[in-house]
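>>> fold the stuff below for me.
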Amino acid sequence: MPHRTNIVLDENIVQEAMSIGQIKTKRALIDMAIREFIAKRKKPNIMDLKGMGGIREDYDYKVLRTRNLPKLK
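Take a look at the predicted model:
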């Protein structure tokens, strides 16, 4: 359900965001920003998953960085 409101925005960042996102209207920009904000906040933080079966307690990503892997051609 649409809700009308007035907000003061920094025109420079609005124009930059519209250009980067190839968005034609401020309304579409605000709608997209709110939807992306909600989606990001609903996504679990990877560190919160530790101990939930997805990441082992003894997992050490630093060890993987030091392994000698074959060079790609």
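>>> next one: the residue nearest to the spatial centre of the chain from Glu16, what distance?
Closest residue to the average C-alpha location of the chain: Lys40 at 5.4 Å, with C-alpha atoms, centre = their mean. Lys40 sits at a distance of 19 Å from Glu16 (criterion: C-beta to C-beta, to the nearest Å). C-beta here means a position set from N, CA and C on the backbone, and glycine is covered the same way.
>>> distance of Glu11 relative to Asp60?
From Glu11 to Asp60 the distance is 48 Å (C-beta to C-beta).
>>> so what pLDDT did the residue nearest to the centre of the chain get?
For Lys40, the pLDDT comes out at 89.
>>> what about it, helix or strand, and which?
Following DSSP states H and E, one finds Lys40 within helix 26-42.
>>> where does the protein have low pLDDT?
Low-confidence segments of the chain, defined by pLDDT under 70: 47-55, 67-73.
>>> would you map the helices across it?
11-21, 26-42, 61-66 (DSSP state H).
>>> what sits against Leu18?
One thing to correct before we go on: residue 18 is Met, not Leu. 24, 26, 29 (C-beta atoms under 8 Å, 6 or more residues apart in numbering).
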